[in-house]
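Q: After the sequence you'll find the predicted model.
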Amino acid sequence: MQLSLWQVENTLQLLGEEASIPFIARYRKERTGSLDEVQITAIRDENERLTALEKRRAAIIESIVEQEKMTPELQQKIDAAQTLSELEDLYLPYRPKRRTKATVAKEKGLEPLAKMLMAQHHGSVESMAQRFISKEKGVNNAKEALDGACDIIAEWVSEDAFVRNRVRNLFRRSASLRSTVIKDKKEDAQKYADWFDWNEMAMKAPSHRVLAIFRGENEGFLRLKIEPNADEAIAGIKRSYVKNDSEAAAYVSSAVEDSYKRLVQPSVENEIRAEIKEIADKKAIQVFGENLRQLLLAAPVGEKNVLAIDPGFRTGCKLVCLNRQGDLLHNENIYPHLNEDGRKLAMHKLCSLVNMFHIEAIAIGNGTAGRETESLVRHTKFDRDVIAVMVNESGASIYSASEVARREFPNYDVTVRGAVSIGRRLQDPLSELVKIDPKSIGVGQYQHDVDQKALKQRLDDTVESCVNSVGVHLNTAGRELLSYISGMSAALAEKVIAYREANGAFKSRKDLLKIPRFGAKTFEQAAGFLRIRDAENPLDNSSVHPESYHIVEKMAKDLNVDTKTLISNKELIAKIDVKRYITAEAGEPTLNDIIAELKRPGRDPREDFTMLEFDDTIRTIADVKPGMTLPGIVSNITAFGAFVDIGVKTSGLVHISQLREGFVKDPAEVVSLNQKVTVKVLDVDMERDRISLTMRV
């Protein structure tokens, strides 16, 4: 990792003390040498991998010792093994196994014959085998004896760590990944048509293709085979085992071929499959995490009165009115898409609600009837300035049926809850989206195909990072948002809200220590990420940690002003020499952070909100024609390109080769989620509901 030993040791010590990654990165820079969240996460993950490796090593050693088969040489090899596959290769001959052809042969007393063949002395193999014929043991003739001996040799070869590693490396170097369609499933497998007869280097296959083909295989549509050149693999093993041109050597050669085809190749193929899948999973999870981060940190429209619309045709559009804190004030239905009378009534109702609730922004869900509803809003003449914004409603239905939504709105149905979610997403995407399982937000691919434990870890890390980077207002935050704050849990978040409801708004961060089970350790972890507007101490509305308040107070005192006067006063702050305030606990990194926060206390790291208006002539895929140049917004990023919402139900794909002139390794280098872009239509496939776009305009 190219880190100093002390950085890793200190980071592991902090993690061992249950310090969160955001806390370590923000408030313990002197301890870690200013490591960022990515580096700290990598240390945590590698430590977990090595810990699991050591646990497995200990179990293997214990098993072999119990069998009384441990030797100094084997112990040395086990101690030196650096990967799980190396360990498992060494353990394979000693692993308890089911009855195999080799164990049956050994029970018939044929192991000495196998050793004689392995010696490969010149002479008659037939005469060797005659000595092992035994009707009682089930060896009726020389051929059966030789076949059994070869089965034993085949197993020896398959359990040879050197052989397995050699074959494994051959797989990694040259194995092909070949997928074919299962003939009688061809008609039902059209979504996998691109891979009906596909062949490429296995280790170079991009993650999205690997996951697609694996899914096709799991669903019973594709047959997948991963293998190198068999002749090359067998020849390599024979060079290690076949010593001469004796008759015995010919049997050893035959046993090697059998071992490779029956034992080694299938076993290593399973390993390589798992390895390729793990690589593909990591890439897909990385893309998902990056997309989620960008979505969570999308620009909020801020504290505005919002009218939110969940569009629909036959069932009408659900309207809700929210105040600046996101509280539900009113809800009803309009039916603008049934006929002209319905449209006129809907426009009148919109105008009335905008005036009644002093609406400043209208949020329109981008699902069914979204563009038609947006057009209705834009053609409505309001008496006041109102912005209208299309909002991605992915996951809103999940939220509306969730326990969280039922707890928030026990007396309202799912349609009201869904509309509220759309409105709140416009006000503050982060606060609302933390209530939804990240897998349901729709910012990745194959989320149900990847390692679910690894995916959950990455998504939880991402949400925690985003929440803590923005900070949370203690007197308005809900349970879900608070539960992601460093050092806190859902149960503790409940206690914070209960205390707030019983005692009124928090006036000081120190009030948190009055809450049962909110101890000093939790306070240390959480306090810096919690904000209190109009607090008794103005630093309580900043990211300056309470443990550093005395430093700011000393700075203010040295300038002959109070803390409140110092905050945001750039002229006074410019006079501060941070070197005068360095201590063992607070070095330059921490002091520089304090100075930056004093300049802009409580600064929201998210970008300012900007509007995007789609082309009003484009409402359905039928309106989209090749050659059109259209405004759009990046709705999803994958390993093979970016999906762009151009205002119709189907997002268009900008393939990685069409993102810009020249080679692009990673789409995330070029675009980000929610980025406003201009695209040109390359192709429209109505039958497959696909739109191909380019940004090379």
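A: Received the coordinates, thanks.
Q: you'd agree His330 is up against Ser352?
A: No - using C-beta atoms under 8 Å, His330 makes no contact with Ser352, being 10.7 Å away. Yep, even glycine has a C-beta here, placed from its N, CA and C like the rest.
Q: Nearest to the spatial middle of the chain, which residue is it?
A: The geometric centre of the chain, computed from its C-alpha atoms, lies nearest to Ile285 (C-alpha atoms, centre = their mean), at 3.2 Å.
Q: Go ahead and confirm that residue touches Asp461.
A: No - in this structure Ile285 lies outside contact range of Asp461 using C-beta under 8 Å: 10.5 Å.
Q: what residues do those two have in common as contacts?
A: The contact sets of Ile285 and Asp461 do not overlap (C-beta atoms under 8 Å, 6 or more residues apart in numbering).
Q: one step back: contacting residues for the residue nearest to the centre of the chain?
A: Ile285 touches 450-451, 454-455, 458, counting by C-beta under 8 Å, 6+ apart.
Q: Equivalent analysis for Val450, please.
A: 211, 280-281, 284-285.
Q: out of these, who's nearest Ile43?
A: Closest approach between the contacts of Val450 and Ile43, by C-beta to C-beta: Ile285, at 18.3 Å.
Q: name the element that closest one belongs to?
A: helix 265-296 (DSSP states H and E).
Q: Same check on Thr522?
A: helix 520-526.
Q: Check which element follows that helix along the chain.
A: That would be, after helix 520-526 and using DSSP H and E, strand 530-531.
Q: chain center to that following strand, what's the gap?
A: 27 Å (C-alpha atoms, centre = their mean, to the nearest Å).
Q: same check, this time on stretch 350-363
A: 39 Å.
Q: Likewise for stretch 618-631?
A: 33 Å.
Q: mind listing what's buried in it?
A: By neighbour count on 16 or more other C-beta atoms under 10 Å, the buried set for stretch 618-631 is 618-619, 621, 624, 628, 630-631.
Q: quick check, nearest of those residues to Lys77?
A: Ile621 (61.7 Å).
Q: List the contacts of that closest one.
A: Ile621 neighbours (C-beta under 8 Å, 6+ apart): 648-650, 684, 686, 689, 691.
Q: Return the member of those residues nearest to Lys261.
A: Looking across the contacts of Ile621 and measuring by C-beta to C-beta, the closest to Lys261 is Asp689, at 44.8 Å.
Q: my guess is the closest one contacts Thr650, does it?
A: Yes - with contact defined as C-beta under 8 Å, Asp689 reaches Thr650; the gap is 5.4 Å.
Q: returning to that earlier point: may I see the buried residues of the helix holding Thr522?
A: 522-526.
Q: Report the separation between Gly220 and Gln190.
A: Taking C-beta to C-beta, to the nearest Å as the measure, Gly220 and Gln190 are separated by 14 Å.
Q: just the strands in the stretch 251-400 of the chain please.
A: With strands called from DSSP state E, counting those that start in this stretch, the stretch 251-400 of the chain shows them at 306-310, 317-322, 328-334, 361-365, 387-391.
Q: Kindly reformat those as a markdown table containing mean neighbour count and mean pLDDT.
A: Shown next, in a markdown table, are the strands of the stretch 251-400 of the chain (neighbours: other C-beta atoms under 10 Å; pLDDT from 0 to 100):
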| stretch | mean neighbour count | mean pLDDT |
| --- | --- | --- |
| strand 306-310 | 29 | 97 |
| strand 317-322 | 25 | 96 |
| strand 328-334 | 16 | 96 |
| strand 361-365 | 26 | 95 |
| strand 387-391 | 20 | 90 |
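Q: possible to save those strands as TSV with distance to Ala142?
A: Listed next are those as TSV, based on distance: least, C-beta to C-beta, whole Å:
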stretch	distance to Ala142
strand 306-310	81
strand 317-322	84
strand 328-334	88
strand 361-365	80
strand 387-391	80
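Q: closest to Gln2 out of those strands?
A: strand 387-391 (42.7 Å).
Q: Distance from the chain centre to that closest one, please.
A: Worked out by C-alpha atoms, centre = their mean, strand 387-391 lies 29 Å from the chain centre.
Q: Same check on stretch 469-480?
A: The answer for stretch 469-480 is 24 Å, by C-alpha atoms, centre = their mean.
Q: likewise stretch 99-106?
A: Counting by C-alpha atoms, centre = their mean, stretch 99-106 comes out at 45 Å from the chain centroid.
Q: what's in contact with whichever helix or strand Ala248 is part of?
A: For Ala248, the host element (DSSP H and E) is helix 247-259. If you take C-beta under 8 Å, 6+ apart as the criterion, helix 247-259 is touched by 116-125, 128, 146, 149-151, 153-155, 157-158, 234, 237-238, 241-243.
Q: where's the residue located most distally from the centre of the chain relative to Phe221, distance?
A: For the chain, the residue at maximal distance from the C-alpha centroid (C-alpha atoms, centre = their mean) is Ser127, at 63.7 Å. According to C-beta to C-beta, Ser127 stands 55 Å off from Phe221.
Q: try Gly418
A: 34 Å.
Q: Kindly report the same for Ile359.
A: For Ile359 relative to Phe221 (C-beta to C-beta), the value is 50 Å.
Q: Check Phe313 too.
A: Taking C-beta to C-beta, one finds Phe313 at 34 Å from Phe221.
Q: Settle it for me: which of the two has more neighbours?
A: Phe221 (22 against 14; other C-beta atoms under 10 Å).
Q: The spatially closest residue to that one that is not a sequence neighbour: neighbour count?
A: Leaving out its chain neighbours, the residue that sits closest to Phe221 by C-beta to C-beta, 6 or more residues apart in numbering is Ala189, at 3.6 Å. Residues contacting Ala189 under the criterion other C-beta under 10 Å number 17.
Q: Same check on the one 4 residues further on?
A: Counted with other C-beta under 10 Å, residues neighbouring Ala193 total 12.
Q: if I pick it, what's in contact with it?
A: Per C-beta under 8 Å, 6+ apart, neighbours of Ala193: none.
Q: same thing with Ala105?
A: Neighbours of Ala105 in contact, by C-beta under 8 Å, 6+ apart: 111, 114, 148-149, 151-152.
Q: Name the nearest residue to it, sequence neighbours excluded.
A: Going by C-beta to C-beta, 6+ apart, Ala105 has Gly148 as its nearest residue, at 3.4 Å.
Q: Torsion angles phi and psi at that neighbour?
A: phi -60, psi -40 (degrees, to the nearest 10).
Q: Wait, Leu128 touches Leu113, no?
A: In this structure residue 128 is Met, not Leu. Yes - with contact defined as C-beta under 8 Å, Met128 reaches Leu113; the gap is 6.4 Å.
Q: Specify which residue of those two has the higher count of neighbours.
A: Neighbour count, other C-beta under 10 Å: between Met128 and Leu113, Leu113 has more, with 26 against 21.
Q: so what's that one closest to, chain neighbours aside?
A: Ala149 (4.2 Å).
Q: Wait, the one you found touches Gly109, no?
A: No - if you go by C-beta under 8 Å, Ala149 and Gly109 don't touch, sitting 10.4 Å apart.
Q: More neighbours: those two, which one.
A: Between Ala149 and Gly109, counting by other C-beta under 10 Å, Ala149 is the more crowded of the two (31 against 15).
Q: just to confirm, which helix or strand has the more buried one in it?
A: Short version, using DSSP H and E: Ala149 is in helix 142-158.
Q: okay, that helix in CSV with CA atoms only?
A: Taking Å, rounded to 0.1, in the frame of the first residue of the first chain, the C-alpha atoms of helix 142-158 are listed here in CSV:
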residue,chain,number,x,y,z
ALA,A,142,-3.7,-57.3,-14.0
LYS,A,143,-5.7,-54.7,-15.9
GLU,A,144,-7.8,-53.9,-12.9
ALA,A,145,-4.7,-53.6,-10.8
LEU,A,146,-3.1,-51.2,-13.2
ASP,A,147,-6.3,-49.2,-13.6
GLY,A,148,-6.5,-48.8,-9.8
ALA,A,149,-2.8,-47.8,-9.5
CYS,A,150,-3.3,-45.2,-12.2
ASP,A,151,-6.3,-43.8,-10.3
ILE,A,152,-4.1,-43.4,-7.3
ILE,A,153,-1.4,-41.7,-9.4
ALA,A,154,-4.0,-39.4,-10.9
GLU,A,155,-5.1,-38.3,-7.4
TRP,A,156,-1.4,-37.7,-6.4
VAL,A,157,-1.0,-35.5,-9.4
SER,A,158,-4.2,-33.5,-8.7
